[in-house]
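[1] can't give you the sequence, but here's the structure:
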């Protein structure tokens with residue numbers, strides 16, 4: 001009996017990126033679907049072959065010209081998650097402080 005597994009769940013299962021419950025559900029569905037299980041095995045073999053073929057390239061450092069272009073495109077000091085988090089926390093504190101002050105006064 002063939003059970004339809006959504007493509008997103010199927011891809012995540014093949015890549016090993018499903019949560020425990022979702023993985024269990026997909027495994028249960030594949031027990032009833034030999035064609036789906038064969039498809040999973042084929043996709044996993046393909047994924048392993050791609051990793052083996054492309055890992056030397058993926059491990060290479062970026063060329064200096066690309067690194068310099070990226071640095072030039074992103075101004076220094078912007079996009080730093082710590083800076084953004086501190087500023088958002090400060091603003092949230094201000095809003096809460098003014099809100100509490102307004103509630104107490106009125």
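    Thanks, I have the structure now. It should be emphasised that the depicted structure is a prediction, and the values quoted were computed from it without experimental measurement.
[2] remind me which residues of the chain are low pLDDT?
    1-3, 75-79, 106 (pLDDT under 70).
[3] Mind splitting it into its structural domains?
    Annotated domains of the chain cover 7-58, 64-105 [automatic domain parsing].
[4] And the first one, how far out from the chain middle?
    From the chain centre to the centre of domain 7-58 is a distance of 17 Å (CA atoms, centre = their mean, to the nearest Å).
[5] Ok, the shortest one next?
    When distances are taken as CA atoms, centre = their mean, domain 64-105 is centred 22 Å away from the chain's centroid.
[6] tell me, what residue is most central in this protein?
    Against the mean C-alpha coordinate of the chain, by CA atoms, centre = their mean, the closest residue is residue 17 at 9.4 Å.
[7] so is that residue in a helix, a strand, or just coil?
    Per DSSP: H, G, I helix; E, B strand; the rest coil, the secondary structure class of residue 17 is coil.
[8] got it, and residue 43?
    helix.
[9] Next up, the contacts around residue 73.
    By CB atoms under 8 Å, 6 or more residues apart in numbering, no residues touch residue 73. Backbone N, C-alpha and C define where each C-beta goes, glycine included.
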